[in-house]
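>>> Predicted coordinates and the sequence they were generated for:
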Amino acid sequence: MFESFGRGLRMIWASIRMGWKDKRLLLPSVITVFTNFLFGTLLMYQGMLFFHHDSAPAPVATHQMSPHNLIHQMAQGGGLNQMTALNGAFDQGGWASQIAGGNSENAYAAAIIGGIWWLTTTFLEGVTIALVYSHLTEGAGSGKISVAAEAVFASMPAIIQLGLVTVVAKKLAQFFKNKKGGTGFGFGFLAGIVQVYWTIACHLIMPAIVIEGTSFWGAMKRADKIASGNLLTIGFGEVGVDGICNVVMMGIGALGASGLAYGVYSGLIHSSLFMLAAFLWACLVVVTTASFLYLRAAFYTCIYVWAIEAESAMVHDREDVRPPAPLAHALA
């Protein structure tokens with residue numbers, strides 16, 4: 001595990017240096033910061049309206065949203081970690097699987113805002129993938145944002161299909177997670193299989209759609225060929241980029257929980273100092289989330305480029321195909 005985290009740290013550092021060398025690679029993530037603030041504020045406003053509307057006839061809902069329960073949830077890393085994890089709210093899984101259903105107009109408005117947020121974030125991730133691919137295959141400064149954006153626009157139908165299928169995969173995983181058979185046998189392992197398989201497939205499908213311009217089903221076949229064709233000499237878990245991202249977000253969640261607990265028990269929760277601290281924490285969440293979107297896009301694009309080069313080589317020469325520079329640095 002520690003070796004995986006060490007490789008992940010080297011991969012992250014190499015990706016940051018790559019972005020610093022060609023700052024256009026970072027531009028979609030910078031834009032993501034501002035879109036996250038915009039849509040997050042809109043969604044928070046709709047959520048406040050939703051809970052305010054439902055709190056009067058249902059006091060239990062107020063109890064469920066109490067500071068004590070919120071502190072416990074944040075300390076467990078639940079909401080924040082799930083939102084920023086693979087296939088989470090800010091990933092290909094999208095907000096469509098995160099918005100709770102309801103009959104109120106506010107719930108529908110929140111679902112629409114969440115859907116537009118997902119489309120915007122996924123579009124920017126696709127632009128990052130296209131720019132990183134150009135950087136790795138044609139050299140620094142070769143990628144053009146206009147060309148990358150045009151390629152992603154053309155691929156949006158397939159990307160939307162990816163998001164919809166991901167929602168179905170997540171629902172299947174949730175269905176199997178707590179389901180038990182007649183003998184009390186748990187199906188949690190099936191949920192794990194669905195989650196792990198789709199995590200790998202999803203992050204190979206996205207580059208296939210953006211880079212090769214294939215349909216969703218064509219990208220599915222490409223991802224399956226890469227994952228099952230022994231085109232890579234490492235496993236996806238050997239470079240712990242995703243694990244590092246999850247640990248950092250859990251740490252940020254714990255920091256927020258600690259600050260909230262201090263504000264509640266000290267009576268400072270309504271003070272201007274506490275509001276400032278909460279705003280700075282929210283900024284940290286947004287910036288970190290956008291950064292991790294870039295890092296994951298860079299990592300899986302490196303994986304995809306390496307697989308393409310290995311596929312074009314003869315079977316006995318595949319072990320000699322070097323991975324792209326950031327991934328090579330991670331594996332050194």
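Yep, it's here.

>>> What helices and strands are in contact with the longest helix seen in the chain?
Taking DSSP state H as the criterion, the chain has its longest helix at helix 272-312. On a contact count with 3 or more Cβ pairs under 8 Å, 6 or more residues apart in numbering; DSSP states H and E, helix 272-312 meets helix 2-21, helix 27-55, helix 78-84, helix 105-138, helix 188-212, helix 216-228, helix 241-266, helix 325-331. In short, each C-beta sits where N, CA and C put it, glycine included.

>>> quick one, phi/psi of residue 141?
phi 80, psi 0 (degrees, to the nearest 10).

>>> May I have the residues that are in contact with it?
22, 24, 135 (Cβ atoms under 8 Å, 6 or more residues apart in numbering).

>>> most surrounded residue in those?
Among the contacts of residue 141, residue 135 has the most neighbours (other Cβ atoms under 10 Å), with 24 neighbours.

>>> For it, give its distance to residue 247.
Remark: distance between residue 135 and residue 247 (Cβ to Cβ, to the nearest Å) = 27 Å.

>>> Can you find the helix or strand in this structure with the smallest mean pLDDT?
Using mean pLDDT, DSSP states H and E, the weakest-scoring helix or strand in the chain turns out to be helix 59-64, at a mean of 43.

>>> quick one: low-confidence ranges for the stretch 1-150 of the chain?
Counting by pLDDT under 70, the stretch 1-150 of the chain shows low-confidence ranges at 1-2, 47-107.

>>> now the stretch 201-332 of the chain
227-239, 313-320.

>>> hmm, 50 instead?
Counting by pLDDT under 50, the stretch 201-332 of the chain shows no low-confidence range.

>>> one step back: could you dump the helices and strands packed on helix 272-312 into TSV and include distance to residue 299?
Shown next, in TSV, are the helices and strands packed on helix 272-312 (distance: least, Cβ to Cβ, whole Å):
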stretch	distance to residue 299
helix 2-21	6
helix 27-55	14
helix 78-84	15
helix 105-138	9
helix 188-212	8
helix 216-228	15
helix 241-266	5
helix 325-331	8
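
>>> so which of the ones you listed gets nearest residue 147?
Smallest distance to residue 147 across the helices and strands packed on helix 272-312 (Cβ to Cβ): 7.5 Å, for helix 105-138.

>>> Show me what counts as buried in that closest one.
106-107, 109-111, 113-115, 117-136 (16 or more other Cβ atoms under 10 Å).

>>> before we move on, what about stretch 201-221?
Applying 16+ other Cβ under 10 Å to stretch 201-221 flags 201-212, 214, 216, 219-220 as buried.

>>> Among those, which one lies nearest to residue 4?
When the buried residues of stretch 201-221 are compared against residue 4 (criterion: Cβ to Cβ), the nearest one is residue 203, at 16.6 Å.

>>> separation between that closest one and residue 294?
The spacing between residue 203 and residue 294, counted by Cβ to Cβ, is 14 Å.

>>> just residue 23 next, same as before
12 Å.

>>> Please identify which of those two sits among more neighbours.
Per other Cβ under 10 Å, whichever of residue 23 and residue 294 has more neighbours is residue 294, with 24 against 10.

>>> Skip the chain neighbours and tell me the closest residue to that one.
residue 29 (4.1 Å; Cβ to Cβ, 6 or more residues apart in numbering).

>>> My understanding was that that neighbour contacts residue 121; is that so?
No - with contact defined as Cβ atoms under 8 Å, residue 29 and residue 121 do not form a contacting pair (10.2 Å).

>>> got any residues that touch both of these two?
The contact sets of residue 29 and residue 121 overlap at residue 293 (Cβ under 8 Å, 6+ apart).

>>> for residue 205, what are its contacts?
Per Cβ under 8 Å, 6+ apart, neighbours of residue 205: 162, 216, 219, 220, 222, 223.

>>> Tell me how many other residues crowd the residue nearest to residue 294.
For residue 29, using other Cβ under 10 Å, the count is 23.

>>> That one and residue 307, how far apart?
Counting by Cβ to Cβ, the gap from residue 29 to residue 307 is 24 Å.

>>> Ok, residue 141 next?
25 Å.

>>> List the residues that contact the nearest residue to residue 9 once chain neighbours are set aside.
Nearest residue to residue 9 in three dimensions, chain neighbours excluded: residue 244, at 6.6 Å (Cβ to Cβ, 6+ apart). Listed by Cβ under 8 Å, 6+ apart, the contact set of residue 244 reads 5, 8, 9, 12.

>>> Tell me, how many residues neighbour the last one?
Using other Cβ under 10 Å, the number of residues around residue 12 comes to 22.

>>> Surely it and residue 243 touch.
No - using Cβ under 8 Å, residue 12 is not in contact with residue 243, being 11.3 Å away.

>>> Just tell me which of the helices and strands packed on helix 272-312 ends up closest to residue 156.
helix 105-138 (7.3 Å).

>>> Buried residues in stretch 3-15, which are they?
Going by neighbour count (16+ other Cβ under 10 Å), the buried part of stretch 3-15 is 4, 7, 8, 10, 11, 12, 14, 15.

>>> Let me have the residues you listed in a markdown table, extended by distance to residue 284.
As requested, the buried residues of stretch 3-15 are exported to a markdown table (distance: Cβ to Cβ, whole Å):
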| residue | distance to residue 284 |
| --- | --- |
| 4 | 25 |
| 7 | 25 |
| 8 | 20 |
| 10 | 24 |
| 11 | 22 |
| 12 | 17 |
| 14 | 23 |
| 15 | 20 |
